[in-house]
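Attaching a predicted model along with its sequence, questions to come.
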Amino acid sequence: MKFRLFPLALSLLAAAASADVLKDPQWQAWLDAGRSADLARAAQARAKAEPEDDQAAVALALAAVDDNDAARMDAALPALQACADKRQQAICSYALGRIYGQQAMTASVFKLPGLASKTKDQLAKAVQLDPTLFEARNGLSQFYLMAPSFAGGSVAKARELADQVQARQPEQAKLLRAVLAMNEKDWAGAERELASVKPADDRTVARELRGNWLRLGFEQMEQKNLPKARAIFEALQRDYPAHAAGPYGLGRVLNEMGQPDEAIKSLERARTLEGAERLPIDHRLGQALLAKGDKAGAKAALERFTQNKRANPKNVEDAKKLLATLA
């Protein structure tokens, strides 16, 4: 991976987890649904009453990462650092890794190596403190796979992370091996691993399974295997009907297949579902509307997307370029 692409890799890491690390079910539900304002409000109230509450510190950090709010991420660091240093809480090290990974997205070439090192170190510390914390293990594995070797990347270390949990957490091991297979462009192997995962009532495994199927669908799109990608997204839509992932992916592949009207319907549906704010739906909707010839609709969708603070900078840049063509 080229050094200039590393921030994008870290952005994928930051977007990969909606971690099940909050003990309060309502807080976790807010995080899962992208209701970061509600989460931050409740966590702030608890932090004011109990300044050393680790769950409040983690919740404030994850809400700030979710909103890509640089000032709030900076503000969350002292409490997280105190937790990680004084009380050795794995969840605090995990949250620190998430913040550093997010900050690396917009870092200068001079600051990027330091933030990359901090991301890796904190995720590794979280795994050491709590080997069962899958969110941290998964994040560290993705770091090893996406980072260049001079920044700490290592396929061998990613494989070790999967091997270490085979006996204790076999379903999580399958997910980690699926990502390894995708990294090696072994699409059949990745599909085989994902198809064998049985989440049962493990919400973390269910979320990661959904995310990995979505990624595999996009990988198939990159390989121009559009019928296979479509089948994956249709299955996602069937298996996770309340989530935006399936309709979003389906809308993208339908547009690639020259069916903008159907793509628009699917993307419009995705906008109404859980997880919509974490996906660049309006960006892809704008592209589909352009393909249909609806310039006014495309302009509205693209302008809406550029105002989304959670959006990946690469997608925002492309949306702005499309808007410039409509000026």
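Yep, that arrived. Numbers count the residues shown, from 1 in each chain.

could you point out the longest helix in the chain?
helix 203-222 (DSSP state H).

and that helix, what other elements does it pack with?
Here helix 203-222 touches helix 134-146, helix 170-183, helix 187-196, helix 226-239, helix 245-256, going by 3 or more C-beta pairs under 8 Å, 6 or more residues apart in numbering; DSSP states H and E. For every residue, glycine as well, the C-beta is placed using N, CA and C.

Distance to Leu214 for the ones you listed - can I get that in TSV?
Below are the helices and strands packed on helix 203-222 laid out as TSV (distance: least, C-beta to C-beta, whole Å):
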stretch	distance to Leu214
helix 134-146	14
helix 170-183	11
helix 187-196	11
helix 226-239	6
helix 245-256	5
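
Let me have these in JSON lines, extended by mean neighbour count, distance to Ala95 and mean pLDDT.
Output for the helices and strands packed on helix 203-222, formatted as JSON lines (neighbours: other C-beta atoms under 10 Å; distance: least, C-beta to C-beta, whole Å; pLDDT from 0 to 100):
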{"stretch": "helix 134-146", "mean neighbour count": "25", "distance to Ala95": "10", "mean pLDDT": "93"}
{"stretch": "helix 170-183", "mean neighbour count": "21", "distance to Ala95": "20", "mean pLDDT": "97"}
{"stretch": "helix 187-196", "mean neighbour count": "16", "distance to Ala95": "27", "mean pLDDT": "98"}
{"stretch": "helix 226-239", "mean neighbour count": "18", "distance to Ala95": "28", "mean pLDDT": "98"}
{"stretch": "helix 245-256", "mean neighbour count": "25", "distance to Ala95": "24", "mean pLDDT": "98"}
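
quick one on the thing from earlier: name the surrounding residues that touch the longest helix of the chain.
Residues from elsewhere that reach helix 203-222 (C-beta atoms under 8 Å, 6 or more residues apart in numbering): 16-20, 32, 134-135, 138, 171-172, 175, 178-179, 182, 187, 190-191, 194, 197, 199, 226, 228-229, 232-233, 235-236, 239-240, 243, 245, 248-249, 252-253, 256.

pLDDT of that helix, averaged?
What helix 203-222 shows for mean pLDDT is 94.

Show me what counts as buried in it.
204-221 (16 or more other C-beta atoms under 10 Å).

what's the angle between that helix and helix 134-146?
Calculated by axes from the mean of the first three to the mean of the last three C-alpha atoms, to 10 degrees, helix 203-222 forms an angle of 20 degrees with helix 134-146.

Quick one: work out the angle between helix 203-222 and helix 245-256.
With the same axes, to 10 degrees defining the directions, helix 203-222 sits at 0 degrees from helix 245-256.

Now do the same for Ser18: its pLDDT.
pLDDT, Ser18: 45.

Does Lys299 touch Leu323 like I think?
Yes - between Lys299 and Leu323 there is a contact at 6.7 Å, judged by C-beta atoms under 8 Å.

Low-confidence stretches in the protein?
Applying pLDDT under 70 to the chain flags residues 1-20.

which residues are contacting stretch 248-268?
214, 217-218, 221, 226, 229-230, 232-234, 236-237, 247, 270, 276, 279, 281, 284-285, 287-289, 291-292.

The same query, at a cut-off of 6 Å, please.
With C-beta atoms under 6 Å, 6 or more residues apart in numbering as the contact definition, stretch 248-268 has outside contacts at 214, 217, 221, 226, 229-230, 233, 247, 270, 279, 281, 284-285, 288, 291-292.

Sounds good, over and out.
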